[in-house]
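Asks: Build the 3D model from these lines:
(2 chains)
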Amino acid sequence: MAIRIGIPRALAYYSFFPQWKTFFEELGAEVVLSPPTNKHIVNEGIRDTVTDACIPIKVYHGHVASLADKADYLFVPRIAGLDADATLCPKFLGLPEMIRASVKGIPPLLSPRLDVRDGRFAPVKAWIKTASLLGAGYRQALSAYRKSVKAGQYYEGLLASRILPEEAMPLVDKWTASLRSEEKARRSDARRSTASARASSAQTLEPHNSGIRLAVVGYPYMIYDDFINCGLLNALKRLGAAIVTPEMIPARERQAQAKKQPKYLFWYYSNQVMRAVYYFFQENMVDGVIHLTAFACGPDAMVDKLLELDCHKHGRIPYLSLCLDEHTGRAGIITRLEAFTDMLVRKRGGKR
Amino acid sequence: MKITFPHMGTSWIAFKTLVEGMGHEVVLPPPPTKRTLDLGTKYAPEFACLPFKVLLGTYLEALEMGADTIISSGGVGPCRAGYYTQLQGRILKEQLGYDVRVITFEPLQGNLFKTYRMIRELVNVSFQKFAACAWLAWQKLLALDALERESHRVRPLEAKKGATSRILSRGIAAIDQADSVKGVKNAAASGLEQFREMPKDHDYEPLRVGVIGEIYVVLEPFVNLDVVETLGHMGVYVDRSIFLTDWAVDNTFLDALRMEGERSIKKAARPYLPELVGGHGQNSIGETVLYAKKGFDGVVQLAPFTCIPEIVAKSIIPEVSKGLNIPVLTLMLDEQTGKAGTATRLEAFVDLLRMRRSKLAMTRGETA
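Replies: The predicted structure is shown next:
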């Protein structure tokens, strides 16, 4: 039987799952994904973590617990650097140890240290080492790594064409499967479904009628986890707003905004948020900014204030900061979103 | 320029000497009070950590007193402290409309020339004169740390409650007043002498507790609600893990020379947390390990609420505590924390440690 690798559906999952999945599947392993966040997972997470942890970390612990008896290994990487400018939140850095200390009765962890700042080949080496733990040879690991990187790039491209992660992931699956098979039909099939998804996402996210354009910024694991944020994206769509998120801006464009930061923040995702917002401002893309943050989030305490000051500086763009935790109620969020969008519509002189 | 700087424990004495030595007027940062905290809390982000709020409040008070320049330190993360001045500067200037200059000293990483230029620009006097003042400031820091260290040792033994703190504050004032290296040394020596002569309870063997955590809350008694003194009055010998001089030597010189210093702490932490998590997160783990190995009775971890590195440490400390059999009490401090509540928790903790010690002594007696 194939080795089962458990991957928690939380934190960096939203950025890298297609890449990780491709890597492990190329090695002949079976990837087990935890279910979408639900009440049970949140409760498990709260039980296992210290009270001071933020909701994404609590949820991550819950996902890990839900995979306890379903996998032979758990993939809990230590992501220490994703670009040259910054590291990540300390909780990413100490994640494997936190998991080991907090969640009982789990399978062994696969925790490669991924840090691009260690040198060009550091991530490759880390992945190959991980593969060798699973009994794969050097060549097989290298080829799996190459394919996984390609899948990751394909996925990033899909996000940049404004497809949401949960919709993009099946498309990546189709695409990688078509690469494996020699049939032309399957390839064109994959291409077709991607094209149609692109078209439909472009349609749903374009501002329709008097619709307003909103930037929803924050960590991918806050924006795209429908349970934590009480279905925020859908609620906004229902209110007639067009949405852009940082991931919908190509990485290159985000990087080009870096020069507007007097000092880089120390956390990868926070930098991405700031840069994306600067890009929205520059291209005059949004009427308002919504920042999703977690209760007691350390980096966001800085980002939130910076965004507030920057929105004010940039022509007083309306800014809404939504702070989420395990007690957040759907009704409260919807009310605040309604009030915010109403205010924006009125500001434009439109009617609901 | 009228310069002010962060208030952290007794370090203001040395910074005052240093800034005056540069030929500038000093606006002494007032020791933090309830008002400082209220001011800081009002304008700081809600989830900024306590040091951020207290410092912002301190700056606001110093600005009221006429300061026009703030000097502070930067950092490279992942702890938020490195971004403090950036954000505090923007809050002061953009939100509150102050005309203030914020000068941030970043760690000496490569860009020596920039740091040199910054210092050159700040220093109004001849280099020799400045060097002499810097040396005096350093001597003051050393003297202050020596006095404080000794006070932690003798406080649990004092026969009359409060005697130690009185001698300490007199000594601190004397060091502040001294204007030569010789004067500083004399002040320190006389303080140490008074500690020696103070009436003590000699047959008492105090509990030994290590205090670990984030540097600002460990060093600033207002913020940590006088944890060190409170424990001392309960008859506990407190070993504070952080002293500014050690920290400066470890982080600026020894590290650059690849010498032992904090390295032993980091090494001790490695089995539990092999990664630097910023701030004092990894140190907290390492120090707990070392205290356990040195046979301490317990450890108190101090951290500001929402401090990420210390939350990581707090998650992992139970492993250390169980593995090496050392009790750890974590105190998360914020603007809502009350002194009485903290004292109660410390009392309970100390009671527990006393019982544990007598139990251990009994089992040892049985086996012997």
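Asks: helices and strands of chain A: which one bottoms out on pLDDT?
Replies: In chain A, no helix or strand scores lower on mean pLDDT, DSSP states H and E than helix A:184-205, which sits at a mean of 71.
Asks: List the contacts of the helix or strand following it.
Replies: Per DSSP states H and E, the first helix or strand lying C-terminal to helix A:184-205 is strand A:213-217. Residues lying outside strand A:213-217 but in contact with it, judged by Cβ atoms under 8 Å, 6 or more residues apart in numbering or on different chains, are A:207, A:223, A:232-233, A:236, A:241-246, A:273, A:276-277, A:280, A:285-292, A:307, A:341, A:344. C-beta: built from backbone N, CA, C; applies to glycine.
Asks: In helices, which of these fall?
Replies: Residues of the contacts of strand A:213-217 located in helices (DSSP state H): A:223, A:232-233, A:236, A:273, A:276-277, A:280, A:307, A:341, A:344.
Asks: Show me which of those is closest to B:Ser190.
Replies: Top of the list for closeness to B:Ser190, among the ones in helices among the contacts of strand A:213-217 and by Cβ to Cβ, is A:Leu307 at 54.2 Å.
Asks: So what's the residue count around the closest one?
Replies: A:Leu307 has 23 neighbours, counted by other Cβ atoms under 10 Å in any protein chain shown.
Asks: Equivalent analysis for B:Gly295, please.
Replies: With neighbours defined by other Cβ under 10 Å, the count for B:Gly295 comes to 8.
Asks: so how many other residues sit close to the residue in chain A positioned nearest to chain B?
Replies: At 2.5 Å from chain B, A:Phe266 is the closest residue in chain A, using Cβ to the nearest Cβ. Summarising burial for A:Phe266: neighbours were counted as other Cβ under 10 Å, giving 24.
Asks: For it, which non-adjacent residue is closest in space?
Replies: Beyond its immediate neighbours in the sequence, the residue positioned closest to A:Phe266 (Cβ to Cβ, 6 or more residues apart in numbering or on different chains) is B:Gly77, lying 2.5 Å away.
Asks: A:Tyr14 now?
Replies: Here the residue nearest A:Tyr14, using Cβ to Cβ, 6+ apart, is A:Pro220, at 3.9 Å.
Asks: which residues sit in contact with the one you found?
Replies: Contact criterion Cβ under 8 Å, 6+ apart gives A:14-15, A:165, A:245-247, A:269 as the residues in contact with A:Pro220.
Asks: Next, whatever residue of chain B ends up closest to chain A: secondary structure please.
Replies: Each residue of chain B has a distance to chain A, by Cβ to the nearest Cβ, and the smallest belongs to B:Gly77, at 2.5 Å. The three-state label for B:Gly77, taken from DSSP: H, G, I helix; E, B strand; the rest coil, comes out as coil.
Asks: For the chain, which segments count as strands?
Replies: Using chain A. A:4-7, A:30-33, A:73-75, A:78-81, A:109-110, A:113-115, A:213-217, A:242-244, A:288-294, A:319-324 (DSSP state E).
Asks: let's do chain B instead
Replies: All strands of chain B, identified by DSSP E, fall at B:2-4, B:25-26, B:69-73, B:101-105, B:207-213, B:236-240, B:298-304, B:328-333.
Asks: Put together a markdown table for the ones you listed, with distance to chain A on each row.
Replies: Formatted as a markdown table, the entries for those read as follows, by distance: least, Cβ to the nearest Cβ, whole Å:
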| stretch | distance to chain A |
| --- | --- |
| strand B:2-4 | 21 |
| strand B:25-26 | 27 |
| strand B:69-73 | 13 |
| strand B:101-105 | 9 |
| strand B:207-213 | 13 |
| strand B:236-240 | 23 |
| strand B:298-304 | 8 |
| strand B:328-333 | 6 |
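Asks: Show me the one of those strands that comes nearest B:Lys129.
Replies: Between B:Lys129 and these, the tightest spacing by Cβ to Cβ is seen for strand B:25-26, at 16.1 Å.
Asks: what comes into contact with that closest one?
Replies: B:1-4, B:16, B:19-20.
Asks: do stretch B:107-124 as well
Replies: Taking Cβ under 8 Å, 6+ apart as the rule, stretch B:107-124 contacts B:22-24, B:71, B:73-76, B:103, B:105-106, B:130, B:252, B:256.
Asks: filter those residues to the buried ones?
Replies: With neighbours counted by 16 or more other Cβ atoms under 10 Å in any protein chain shown, the contacts of stretch B:107-124 contain buried members at B:22, B:24, B:71, B:74-75, B:103, B:106, B:130.
Asks: which one of the residues you listed is nearest A:Ala53?
Replies: Relative to A:Ala53, and with distances defined as Cβ to Cβ, the nearest of the buried ones among the contacts of stretch B:107-124 is B:Gly75, at 23.1 Å.
Asks: The residue most central in space within chain B: what's its closest spatial neighbour, skipping adjacent residues?
Replies: For chain B, the residue whose C-alpha lies nearest the mean C-alpha position (Cα atoms, centre = their mean) is B:Leu219; its distance is 2.1 Å. Once its chain neighbours are removed from consideration, B:Leu219 has its nearest residue in B:Gly9; the separation is 3.9 Å (Cβ to Cβ, 6+ apart).
Asks: residue contacts, the one you found?
Replies: B:219-221, B:244.
Asks: Of those residues, which is the nearest to B:Glu205?
Replies: Of all the contacts of B:Gly9, B:Glu205 sits closest to B:Pro221, with 25.8 Å by Cβ to Cβ.
Asks: per-residue confidence for that closest one?
Replies: Among the per-residue scores, B:Pro221 holds a pLDDT of 91.
Asks: Stretch A:278-289: which residues count as buried?
Replies: Counting neighbours by 16+ other Cβ under 10 Å, stretch A:278-289 gives A:278-281, A:285-289 as buried.
Asks: can you check stretch A:335-351 too?
Replies: When neighbours are counted by 16+ other Cβ under 10 Å, the buried residues of stretch A:335-351 are found to be A:337, A:340-341, A:344-345.
Asks: Export those residues as TSV, with columns for distance to chain B.
Replies: Supplementary listing: the buried residues of stretch A:335-351 in TSV, determined by distance: Cβ to the nearest Cβ, whole Å:
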residue	distance to chain B
A:Leu337	20
A:Phe340	19
A:Thr341	24
A:Leu344	23
A:Val345	28
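Asks: per-residue pLDDT, the nearest residue to B:Gly232 once chain neighbours are set aside?
Replies: Taking Cβ to Cβ, 6+ apart as the measure, B:Gly232 lies nearest to B:Arg155, with 3.3 Å between them; neighbours along the chain are not counted. Reported pLDDT at B:Arg155 in the predicted model: 94.
Asks: dump the residue contacts of B:Arg155.
Replies: When the contact criterion is Cβ under 8 Å, 6+ apart, the partners of B:Arg155 are B:164-165, B:229, B:232-233, B:237-238.
Asks: Greatest separation within the residues you listed: which pair is it?
Replies: Among these, the pair separated by the greatest distance (Cβ to Cβ) is B:Ser165 and B:Tyr237, at 15.3 Å.
Asks: Between those two, tell me which one has more neighbours.
Replies: B:Tyr237 (20 against 16).
Asks: Just give me the neighbour total for the residue nearest to that one when sequence neighbours are not counted.
Replies: Take B:Tyr237 and drop its neighbours on the chain: the residue closest to it by Cβ to Cβ, 6+ apart is B:Pro206, 4.3 Å away. B:Pro206: 18 surrounding residues under other Cβ under 10 Å.
Asks: A:Arg139: neighbour count?
Replies: Neighbouring residues of A:Arg139 were enumerated by other Cβ under 10 Å; the total is 9.
Asks: Out of the helices and strands in chain B, which is least certain?
Replies: Between all helices and strands in chain B, the lowest mean by mean pLDDT, DSSP H and E belongs to helix B:112-122, at a mean of 79.
Asks: Flag every buried residue along that helix.
Replies: Residues of helix B:112-122 classed as buried: B:118, B:122 (neighbour count, 16+ other Cβ under 10 Å).
Asks: what distance separates it from the centre of its chain?
Replies: In terms of Cα atoms, centre = their mean, to the nearest Å, the centre of helix B:112-122 is set 27 Å apart from its chain centre.
Asks: between that helix and strand B:69-73, how many degrees?
Replies: Between the axis of helix B:112-122 and that of strand B:69-73 there is an angle of 150 degrees, by axes from the mean of the first three to the mean of the last three Cα atoms, to 10 degrees.
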